[in-house]
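Colleague: A structural model of the following input is requested.
(one chain, ligands or ions: 2)
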Amino acid sequence: MPWSDTLGVVGLGRMARALLLPLLDSGLVERSSVRAAVATEASARRLSDELKVQVSTDAAPAWAAPVVLLAVKPQQIEAVAPAATEALAAVPSSGEPLLISVLAGVTLSRLQALFPGRSCVRAVPNTPALVRAGLTGLSWGEGVGEARREQVRGLFAQVGEVLDLPEHQLDPFLALTSSGPAFLALVAESMADGAVAAGLPRPLAMHLAHRTMAGTAALLQGQELHPGQLKDMVTSPAGTTAAGLRQLERAGLRSALIEAVLAAADRSRQLA
Ligand SMILES: NC(=O)C1=CN([C@@H]2O[C@H](COP(=O)(O)OP(=O)(O)OC[C@H]3O[C@@H](n4cnc5c(N)ncnc54)[C@H](OP(=O)(O)O)[C@@H]3O)[C@@H](O)[C@H]2O)C=CC1
Ligand SMILES: O=C(O)[C@@H]1CCC=N1
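Modeller: Numbering: from 1, shown residues only. Ligands and ions are numbered 1, 2, ... in the order given. Here you go, the predicted model:
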């Protein structure tokens, strides 16, 4: 079902752009129904040229929309809140005003205190949304009606899988799914570095690293394999993989990744 409301977007950086581009391309959200706000004139010009939507440094039109996607940095939230309150009177009285916040760590209780008059939902998306392979965790604040919930789930479903989660699970969810693409990108880059060190040309090594990562994910998912099963499928006695795995265990790869996810979840809690 097409999105019927005007959609306000406050903060149109890497995450909001990754969400908005596929929604615009699919036609679910009409370009003419978007009111976006950013901090600088340079970003406003660049994004309105690229996305062909209204982007301004004046946030009032965005905050006048019944549904607003908030996607500034957590540290910028205090700066944007007053404009939201001032614009509340301009929100059509027919629509239940809703704030969708993608800010890492910022809790529903803080959102409800900073944005009175709007019901709130926390959404934790990830950048694979850009290629419609995203994951979004949703936690609902008080007073969000079922029709609005379905509308929001439908929006995020356009760019991937959507899960309702209790709020206390959002920090580890974000650490794994939203920060996770950066951790996996590091693994892909490092493996390509290894292949270059072993003699492959860089462009070929990068291509192969990406394909290997994508193929492995497809195999894990398609066959519903436990990662340990896949590892054992690949590892021949006294073979090449066993030699590589020995090095990874020696270097503490498992522990490094466990600590990375824990650190990201802790940082998300701190940003609250
Ligand atoms: N990147 C990711 O993978 C993920 C990010 N998130 C969350 O998404 C949010 C945005 O992250 P990200 O997109 O990476 O950040 P960016 O720095 O790329 O984007 C921030 C955006 O906010 C705008 N902005 C800053 N101040 C204001 C203001 N006062 N009024 C209006 N707009 C303003 C910036 O405008 P300008 O360009 O003019 O400075 C920019 O468009 C964060 O809270 C983050 O925690 C959540 C999950 C994943
Ligand atoms: O690094 C960050 O803080 C944001 C939130 C999750 C991914 N990027």
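Colleague: now Leu12. Nearest residue, chain neighbours left out?
Modeller: Ala36 (4.8 Å; C-beta to C-beta, 6 or more residues apart in numbering). Every residue, glycine included, has its C-beta placed from N, CA and C.
Colleague: how far does whichever strand or helix holds the one you found sit from its chain's centre?
Modeller: In this assignment (DSSP states H and E), Ala36 forms part of strand 34-37. For strand 34-37, the distance from its own C-alpha centre to the chain's C-alpha centre is 19 Å (C-alpha atoms, centre = their mean, to the nearest Å).
Colleague: tell me which strands that strand pairs with, and in which orientation.
Modeller: Next to strand 34-37 in the sheet, as set by DSSP bridges, lie strand 7-10 (parallel), strand 54-56 (parallel).
Colleague: touching ligand 1 at all, the helix or strand following it?
Modeller: Scanning forward in sequence from strand 34-37 by DSSP H and E, the next helix or strand is helix 41-51. Yes - Helix 41-51 is in contact with ligand 1 by C-beta under 6 Å from any ligand atom, via Ser43.
Colleague: and the helices in the stretch 1-150 of the chain?
Modeller: 14-26, 41-51, 60-63, 77-87, 108-114, 146-157 (DSSP state H, counting those that start in this stretch).
Colleague: for Glu78, give me its contacts.
Modeller: Leu114 (C-beta atoms under 8 Å, 6 or more residues apart in numbering).
Colleague: distance of it relative to ligand 1?
Modeller: Separation of Glu78 from ligand 1 (C-beta to the nearest ligand atom, to the nearest Å): 10 Å.
Colleague: cool, and Ala81?
Modeller: In this view, Ala81 and ligand 1 are 10 Å apart by C-beta to the nearest ligand atom.
Colleague: next, count neighbours for that residue.
Modeller: Counted by other C-beta atoms under 10 Å, the residues lying close to Ala81 total 16.
Colleague: I'd say it and Phe115 touch.
Modeller: Yes - Ala81 is within contact range of Phe115, at 6.5 Å (criterion: C-beta atoms under 8 Å).
Colleague: now stretch 183-197: buried residues?
Modeller: Ala188, Met191, Ala192, Ala195 (16 or more other C-beta atoms under 10 Å).
Colleague: report how many residues lie close to the residue nearest to Val124 when sequence neighbours are not counted.
Modeller: The shortest distance from Val124 to any non-neighbouring residue, by C-beta to C-beta, 6+ apart, is to Gly137 (4.3 Å). With neighbours defined by other C-beta under 10 Å, the count for Gly137 comes to 25.
Colleague: which residues does whatever residue of the chain ends up closest to ligand 1 contact?
Modeller: Closest approach between the chain and ligand 1, counting by C-beta to the nearest ligand atom: Gly13, at 1.8 Å. Each residue near Gly13 by C-beta under 8 Å, 6+ apart is listed here: Val38, Ala71, Val72.
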